[in-house]
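Novice: structure, please.
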Amino acid sequence: MLKIHCPYCDEQREEEEFSYSGEAHISRPLDPGALSDADWADYLFFRKNTRGWHHEMWQHSAGCRRYFNVTRHTVTYEIFESYPMGTTPKALPKGDAR
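Specialist: All right, here's what the predicted structure looks like:
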């Protein structure tokens, strides 16, 4: 079971209190109407499937209900950091580049 730190509550809680919300740092297209169907489908459905360190968005659904980001290793499940929305993640650990 993962122990996840909520940067807003400043507490480390069990995974059941959180909801995974997908890859972090996905920018919405500025003019969605100008996208082709293929480009729109790419934005909506296709994400990186990174093996190693990955930035994810989570929600503390049983707590403050706020969204935040987590840097997690997709193989070992190790969590490097959690950080509020709108902030920049730290540099990834050495030896396992993204």
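Novice: show the contacting residues for the residue nearest the centre of the chain.
Specialist: Central residue of the chain (C-alpha atoms, centre = their mean): residue 56, 1.3 Å from the mean position. Contact analysis of residue 56 by C-beta atoms under 8 Å, 6 or more residues apart in numbering lists 20-24, 69-72. All C-beta spots, glycine's among them, are computed from the backbone N, C-alpha and C.
Novice: so it sits in a strand?
Specialist: Yes - assessed by DSSP: H, G, I helix; E, B strand; the rest coil, residue 56 belongs to a strand.
Novice: tell me where this protein is predicted with low confidence.
Specialist: 94-98 (pLDDT under 70).
Novice: distance of the residue of it positioned farthest from its centre from residue 11?
Specialist: Centroid-distance maximum for the chain: residue 34 at 27.1 Å, with C-alpha atoms, centre = their mean. Counting by C-beta to C-beta, to the nearest Å, the gap from residue 34 to residue 11 is 43 Å.
Novice: one more: residue 52?
Specialist: For residue 52, the distance to residue 11 - C-beta to C-beta - is 27 Å.
Novice: got it, and residue 66?
Specialist: Going from residue 66 to residue 11 by C-beta to C-beta gives 13 Å.
Novice: residue 93 too?
Specialist: From residue 93 to residue 11 the distance is 23 Å (C-beta to C-beta).
Novice: brilliant, that's me finished.
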